[in-house]
Every structure is written in C-alpha cells, then in structure tokens.
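Student: fold the following, please.
(one chain, ligands or ions: 1)
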Amino acid sequence: MLIKTRKSYQLSEQQVTDESVYHSRRDLLKKLGYLGAGSLLAQSAASQASPIDFFSSKKDTVFQRHALTYAKAEESSQILTPEAKITTHNNFYEFGTNKGDPVENAQDFNVNPWQLKISGEVDKPYTLGYDDLFKRFPLEERIYRLRCVEAWSMVVPWVGFGLAQLIKQAAPNSKAKYVAFETLYDPKQMPGQESRRIGGGVQYPYVEGLRIDEAMNPLTFMSVGLYGKTLPAQNGAPIRLVVPWKYGFKSIKSIVGIKLVEHKPPTTWNILAKNEYGFYANVNPEVDHPRWSQASERRITTGGLFARNRIATLPFNGYGEEVAQLYKGMDLRKNY
Ligand code: MTE
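Tutor: From the prediction side, this is the model:
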C-alpha cells in the first residue's frame, strides 16, 4: 500500500487514527481549555514511576496544536500504535534481548539527575541537565513511522525537538562532518552491559552516528516523550534520537554524549556485523538484509479482524520527499 507522505509535520493532522485513550485525553484538554506545558518544568523531578504528563501541564506551543488536530484516518497503515504496545515491545539490549525484557528490567532505571554533553568540533560546547532536556528547546509532537530492521514497524507520537536546534546552539566549526552519539554506560543499572548473555554480546556503550547533513535535516528528532508523557525507560528515557527514514537501530536511546567529529564514527551494529548493518541504514525495500527480505513489514497496530498488518515497505520509510536528496549520486546498495 502506498502511503502518501506530505511534510512529516503534517502527518498528524489528517492521516492518523488515534488510540481511544488519546481521544479522551484530547477531549479533556478541550474541556480544560488548553492547559499547557509551563508547570511541566516544576514537575520535572518526576521519576519513571510518575511520568510527567505534558498535556496536563500549563500552556504552550506547536505541540498542543498538533495534539488537538488528530482526525480519523482512511489508511489503516497509519493507525497509531497503542501506547501499551509501544512500551512493551522494545529493543533496548542494555535491558535484555527479548522484546518484553526492557519493560521488565528498566523499571528502576534512574534518569534524574542526567547529563547530556554536546562537544567535539564546536565553538560552544555545553551540557544539558535533566530539566534542560524539557525546557531548553520548545517541545512539539511528531507522529513518525518507526521501521525496525527486523521488519516490524509502529506509528509513534513522539514529543521532543529537532536535533538541529541542539547542534546549532553548540556552534559547530568547519571540521564537524559527522555526529557521534553515545548511550549511558552504567552496568549497575543496565544488566545487559554487565552480562554477555543478557546483553546479546553487543559492545557497550551503544554508539551511533549520522552525517552532519542528516543530523541537521528537519526530520531528525530528539525525543523526550511519547503519547504526551515523558519517555518510559524502556523507550530510551530521558532522551533519545529518532531518525524516521532509517532502520530503528540508528535511533539510539538514553543518550549522554553528542559529539561533532571530523570522521565517520563507529556504530554499534556495524561493529557487530558489518555485512548486515551499514552506517547509513536507510530503509530500503530493494536491499534485503542478508538473512531476510526488507520488501514488507509487519505493522504493529491494534490488530483485529480488519487490520492490514502486512504492508509494503517504502523507500526511506516514506520520507523520500524530505530526505532522498541527501543521497543523490550515492549507490544505496553499496551504502546500505
Ligand atoms: N539504543 C540503545 N542504546 N540500545 C538498543 O538496544 N535498539 C535500537 C534502537 N535504539 C537500541 C537502541 C533498535 S534495534 C530499535 S528497533 C529501536 O531502538 C527500538 O525503539 P523502541 O524500543 O522504542 O521501539
């Protein structure tokens, strides 16, 4: 099925059917007359046990306008994946390799205090503390498809801000050609980092990278929440990357370091299996994984009798209009 993708920002407005929970939250918001995000910061000491609800805090922004404009979708493939699925079907090997492990093993993951350092080839390196993650940049909501390299996908309403804003604030110099990301390394909290068996033999800390032009693309997003609330630990709290036109493994979780660098940085899955996971990892139905086809995907929705769960995979996960020009002249079979 062909999904006509307008600018990604518009996806939320007409093309998405939301979960009933989300409808009722929206109705509540209307009744309350746009209670907004101001008090969010005062509450930001909240732990995983009591996530901040962006919707129930005071006034603000683009974020609310998006939240208020969801409409029924014609296209079943655009149905929002229920919150309960997004938060229980996870890949976060630091907490175990089974899909249900992260939700179970990450419940005590402590994200406050947190430090995210922006450094490297920049004139103004800086560090964001936990509260800064929510207040330094205006938050907005983006509804993106997430396509895992394992051939399943979801539609997720993220909350966050563009990575470009964070990078610009550091004033990159002319040597900044790539951006390297690093997940927290804390084996005491992340059992997979301590045990080969639990962590799947991955080399930790988990690292990822983008070319600078990919990082600055307006689609590239830093997420601090989903479904209107702070991110659950298993989804990468307190802050993660979301690159919707690339396979999900690029979207690194629980980030503590963002470094602007001159040379292509190493990336976790590439280190583990170079011939299976490339640096670019752009979603591409024409380039199969050596062990399985990438032509279609299983969309995780509410299921049910009429759900069309198997759908065709689109080049760049349907975001070609916004990003294909980044790869002009490149052989995408070689640069998988
Ligand atoms: N980030 C870290 N640090 N560790 C991981 O194991 N898994 C990746 C990515 N980010 C992973 C990670 C993979 S393979 C996918 S598909 C997505 O996270 C899954 O995100 P989700 O669990 O929120 O759906």
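
Student: where's the residue nearest the centre of the chain relative to the ligand, distance?
Tutor: Central residue of the chain (CA atoms, centre = their mean): residue 242, 2.9 Å from the mean position. Using CB to the nearest ligand atom, to the nearest Å, one obtains 9 Å as the distance from residue 242 to the ligand. For glycine as for every other residue, the C-beta is placed from the backbone atoms N, C-alpha and C.

Student: try residue 196
Tutor: Residue 196 sits 14 Å away from the ligand when distances are taken as CB to the nearest ligand atom.

Student: tell me the pLDDT of that residue.
Tutor: At residue 196, the model reports a pLDDT of 93.

Student: quick check: phi and psi at the one residue in the chain that gets nearest to the ligand.
Tutor: In the chain, the residue that lies nearest the ligand is residue 248 (2.6 Å; CB to the nearest ligand atom). For residue 248, the backbone dihedrals are phi -60, psi -20 (criterion: degrees, to the nearest 10).

Student: neighbours of residue 254, just the number please.
Tutor: Burial of residue 254 is recorded as 28 neighbouring residues (other CB atoms under 10 Å).

Student: so who does it touch?
Tutor: The neighbours of residue 254, taking CB atoms under 8 Å, 6 or more residues apart in numbering as the test, are 94, 109, 111, 183, 184, 233, 236, 237, 238, 239, 240.

Student: out of those, who's near the ligand?
Tutor: Residues of these in contact with the ligand (CB under 6 Å from any ligand atom): 94, 183, 236.

Student: just the element for residue 213, please.
Tutor: Using DSSP states H and E, the element containing residue 213 is helix 212-216.

Student: buried residues, that helix. List them.
Tutor: Buried residues in helix 212-216, counted by 16 or more other CB atoms under 10 Å: 212, 214, 215, 216.

Student: do the same with stretch 87-106
Tutor: Going by neighbour count (16+ other CB under 10 Å), the buried part of stretch 87-106 is 87, 89-97, 101-103, 105-106.

Student: got the contact list for residue 172?
Tutor: Contacts for residue 172 (CB under 8 Å, 6+ apart) come out as 121, 122, 123, 212, 260.

Student: per-residue confidence for it?
Tutor: 98.

Student: and it, how far from residue 136?
Tutor: From residue 172 across to residue 136, the span is 17 Å (CB to CB, to the nearest Å).

Student: go on, residue 199?
Tutor: Relative to residue 136, and taking CB to CB, residue 199 is found at 32 Å.

Student: so between those two, which is more surrounded?
Tutor: residue 199 (21 against 14).

Student: ramachandran angles for the more buried one?
Tutor: phi -90, psi 10.

Student: give me the distance between it and residue 254.
Tutor: Distance, residue 199 to residue 254, by CB to CB: 14 Å.

Student: cool, and residue 131?
Tutor: Distance from residue 131 to residue 254, by CB to CB: 17 Å.

Student: then residue 200?
Tutor: Distance from residue 200 to residue 254, by CB to CB: 16 Å.

Student: what do you get for residue 127?
Tutor: According to CB to CB, residue 127 stands 16 Å off from residue 254.
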